[in-house]
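>>> Starting from these lines, generate the structure:
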Amino acid sequence: YLSYVLGVLSIAMLAISYGRASRLFQILGLGFSIVGILLFFSTNLTVWEVVPMLAGNLSLLTLLAVLPWMNSAVAAGRFDKLMQHLLRGNVRDLGQLYQRSTTAMMSLTAFLNVSSATIAQDVLVDNLKPIQKKIANKIIMMATLRGYSLALPWSPLEVLLAMGIFITGVNYATLLPWMILITVLMYGLDSLWGRLYFKQYPYPEDNHTVSHQQNNQNRSKIIQLVIALCSFLLLVIMIGNVFDLEFILTVTLLVFPFACLWALAIGRWKSFWTIGWNCWKNSMNNMDNFIVLFVTLALFTNTLNESPALLMLQDPILLVADYPILILIMIQFLFVVLSMFGVHPVATMGILSGISPMLMEILSPLSLAVSLIIGGVSTVPIGTYGLVVTITSMSLKQSPYYITYYNLSYSFVFGAIGIVLSYLLI
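Numbers count the residues shown, from 1 in each chain. From the prediction side, this is the model:
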């Protein structure tokens, strides 16, 4: 009965949200719906069996609904101000500033997500005013987008990671070491490149000075942030394993109480509740894009799995079954191409979820999870019409294709590392 109620409510949510969604998500939703309905007629399903299937992705929507509370705890503790202080002064050249910017972005994105990009870009634009505009823009579009992407493979608050686990059923504790390995490797390579490439440009010494007291406060906030992040990761792993809960459910149940306890521990309960309530209301009233995407995606994937069309898709995959490296390259290629046309990596992952059981007969679930997550994350800095690239484009008044061009090599290396590791995990 509950499944039917949720299915009916999903239809109501879709009806309300479709007209309020952006044009891109309306097109995606319409496409998934049309294909799903056509596939339905080739199955033995009845309408009554399809209704509860529409609620299949509600767990992902619920996770998105609670995330603003964690962001609010960070804002209430003024950890967002930490980035402003970390990016000011005490560096000799732009190579050091690049590495510091990437590190700060990666650290705060784990909690703040897109907000960290806005904060970092505002501070860097102000700090780099004495620098030649072309060089300043280059360091901003590279450091912020790359640092942002480095937090996504392992952060339990990232929807791409949650969806990868949701599709493959891999345990988060099993996946986490590999995600951290890729992140550390990419961070090391990109930091080394940034230090060497931008080292030739000196940084104005008199731009900003940071007092000894401010340094101590920053150090204290960094320690608090690290403790909070490690505690959250440990709790997600422990609670999931002890109570045998799915990853998405574990994170969803944990976010709100953890944010409340964190706000109490740092003495910011009142501001946390004020910020959180407004943030949560605003987020809940602007989830139309994801509602349209996930409800129609549920229709598409469920009818595809029950239709003969799935057998038609098996043929080209079976042709290269003896060469799994080709399948991994094809997955990465699909993410890159669709991102160039504004298709969100979540939607691409949803398309691939329809054939995931077939893929897992050739690849291991862990290998597929790494391929999907890194495939999605690596295209974030080059997603021409993606949210973070769009924000950067507006901030710097640069073409999104220009931003994509400068991050293309980074995304290529990121994706290649994901392909190699996925192949080794087969």
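
>>> Just the C-alphas of the worst-scoring helix or strand of the chain on mean pLDDT, formatted as PDB.
Ranked by mean pLDDT, DSSP states H and E, the weakest helix or strand in the chain is helix 80-86, scoring a mean of 72. Output of helix 80-86 as PDB, limited to C-alpha atoms (Å, rounded to 0.1, in the frame of the first residue of the first chain):
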ATOM      1  CA  ASP A  80      32.600  29.500   4.700                       C
ATOM      2  CA  LYS A  81      34.600  32.500   5.900                       C
ATOM      3  CA  LEU A  82      37.500  30.200   6.400                       C
ATOM      4  CA  MET A  83      38.100  30.000   2.700                       C
ATOM      5  CA  GLN A  84      38.300  33.800   2.500                       C
ATOM      6  CA  HIS A  85      41.100  33.900   5.000                       C
ATOM      7  CA  LEU A  86      42.900  30.900   3.500                       C
END
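
>>> after that helix, next one along is what?
helix 94-112 (DSSP states H and E).

>>> can you list contacts of stretch 19-34?
Around stretch 19-34, the neighbours that count as contacts under C-beta atoms under 8 Å, 6 or more residues apart in numbering are 14, 18, 288-289, 291-293, 295-297, 299-300, 342-343, 347, 350, 385. C-beta coordinates here come from the backbone N, C-alpha and C atoms, glycine included.

>>> Tell me where the stretch 51-200 of the chain has helices.
58-76, 80-86, 94-112, 114-127, 133-151, 159-168, 172-198 (DSSP state H, counting those that start in this stretch).

>>> Tell me which of those helices lies nearest to L318.
helix 159-168 (19.9 Å; C-beta to C-beta).

>>> what sits against the closest residue to P365 other than its chain neighbours?
Computed as C-beta to C-beta, 6 or more residues apart in numbering, the closest residue to P365 that is not its neighbour in sequence is T168, at 4.4 Å. Taking C-beta under 8 Å, 6+ apart, we find T168 in contact with S356, M360, P365, L366, L368, A369, L372.

>>> what's the burial count for the closest residue to R195 other than its chain neighbours?
Once flanking residues are discounted, R195 sits nearest to G95: 4.1 Å by C-beta to C-beta, 6+ apart. Using other C-beta atoms under 10 Å, G95 has 22 other residues around it.

>>> picking up where we left off before, and the contacts of T168, which of them are in helices?
Taking DSSP state H, the ones among the contacts of T168 that sit in helices are S356, P365, L366, L368, A369, L372.

>>> Just give me the closest of these to V5.
Relative to V5, and with distances defined as C-beta to C-beta, the nearest of these is S356, at 27.3 Å.

>>> Any chance of the ones in helices among the contacts of T168 in TSV with pLDDT and distance to S231 as columns?
Below are the ones in helices among the contacts of T168 laid out as TSV (pLDDT from 0 to 100; distance: C-beta to C-beta, whole Å):
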residue	pLDDT	distance to S231
S356	89	32
P365	95	28
L366	96	26
L368	95	30
A369	96	24
L372	96	27
